[in-house]
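[1] No sequence on hand, only this structure:
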């Protein structure tokens, strides 16, 4: 009896530790940064280019900084969190906001070191426009104006900014660093495919935040056409993505990309604003990681 009680307690401890680890990976944006790292590696494989780990690490660090920018802002300005979207996540952020601000600041410093030490060939002005979008997404560009809003509050703009930045960073950065002109048909096609795939997934987060966005008077795609039609739009985007894949890829790579689109479609169909937050952070973001893993397996 005592042994059974000890085993049960040990399982509870292990479950608690696993839950804490999962919360850290998801809420600290480490997981989403790993997804960005993986998609960057995938681009090299799809373009049949030598993989540049420094570039992939740079993308990982830049993503970690961007997604923790709100924590840096709150710590520097001593602000509380915005009205709660999810009590569990907001409370986690509140408890760890100082640590996440340190992680975000440190990742920016390390990204700068990686960029200059390894001589990554990215045009400064090209980087600058992405930095303005990424920072302006969280912090108003015209910061001193009281009526200024971050870009994520601009009606209908949020998902398109996310898809654009992700498609450029994970899709075009590796090609630019490899010396490929971004207006070449192959580069544009890869960018378009990545944009459509990310946009389809980004719409899920508008579905997740449907009630919150209505409370804050932020017009999003679900607020304009409804949740069901937004899911339909997401599926249509994945179908267009699949058609482009069929025309541009072959063999195992084509199969890997189609399977990833199918699984992403299932995540879309089963999504709902009432799903737990981990559904979106783990499955919607995880669809990007699976996308890269399947391509890696097909290329091995």
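    That came through, no problem. Just so it is clear, the structure is predicted and the values come from calculations on it, not from any experiment.
[2] going forward, measure contacts between C-alpha atoms and count neighbours the same way
    Fine.
[3] looking at this structure, which helix or strand does the model trust least?
    Sorting the helices and strands of the chain by mean pLDDT, DSSP states H and E puts helix 2-27 at the bottom, at a mean of 68.
[4] now for whichever helix in the chain runs longest, which elements pack on it?
    For the chain, the helix with the greatest residue count under DSSP state H is helix 87-117. Helix 87-117 is packed against helix 2-27, helix 53-67, helix 69-77, with contacts defined by 3 or more CA pairs under 8 Å, 6 or more residues apart in numbering; DSSP states H and E.
[5] just the angle between the second one and helix 69-77, please?
    The directions of helix 53-67 and helix 69-77 differ by 50 degrees, with axes from the mean of the first three to the mean of the last three CA atoms, to 10 degrees as the criterion.
[6] Let me see the ranges of the helices in the stretch 101-250 of the chain.
    Assigned by DSSP state H, counting those that start in this stretch, the stretch 101-250 of the chain shows helices spanning 124-138, 158-167, 173-177, 185-208, 210-215, 221-225, 227-248.
[7] and of those helices, who's closest to residue 17?
    helix 185-208 (26.7 Å; CA to CA).
[8] Go through the closest one and flag the buried ones.
    187, 189-208 (16 or more other CA atoms under 10 Å).
[9] Quick one: residues in contact with whichever helix or strand comes after the least confident helix or strand of the chain.
    For helix 2-27, the following helix or strand on the C-terminal side (DSSP states H and E) is helix 30-46. Applying CA atoms under 8 Å, 6 or more residues apart in numbering, the contact partners of helix 30-46 are 24-26, 50-53, 55-57, 59-61, 63-64, 166, 169-171, 174-175, 253, 285-286, 288-289, 291-293, 295-296, 299.
[10] Recalculate using a threshold of 7 Å.
    Contacts to helix 30-46, defined as CA atoms under 7 Å, 6 or more residues apart in numbering, come from residues 25, 50-51, 56-57, 59-60, 63-64, 170-171, 174, 285, 288-289, 292, 295-296.
[11] go on, stretch 203-219?
    With CA under 7 Å, 6+ apart, stretch 203-219 has contacts from 85, 153, 155-156, 159, 220, 222-223, 227, 234, 268, 272-273.
[12] Show me which of those are buried.
    85, 153, 156, 159, 220, 222-223, 227, 234, 268, 272-273.
[13] Same list, the residues you listed, but as a markdown table with distance to residue 241 please.
    Supplementary listing: the buried ones among the contacts of stretch 203-219 in a markdown table, determined by distance: CA to CA, whole Å:
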| residue | distance to residue 241 |
| --- | --- |
| 85 | 31 |
| 153 | 28 |
| 156 | 21 |
| 159 | 17 |
| 220 | 22 |
| 222 | 21 |
| 223 | 24 |
| 227 | 21 |
| 234 | 11 |
| 268 | 15 |
| 272 | 23 |
| 273 | 25 |
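[14] can you tell me which two in those are farthest apart?
    Spatial extent of the buried ones among the contacts of stretch 203-219 (CA to CA) is set by the pair 153 and 268 at 23.4 Å.
[15] show me the contacts for residue 54.
    114, 118 are the contacts of residue 54 under CA under 7 Å, 6+ apart.
[16] Which pLDDT value goes with it?
    For residue 54, the model assigns a pLDDT of 97.
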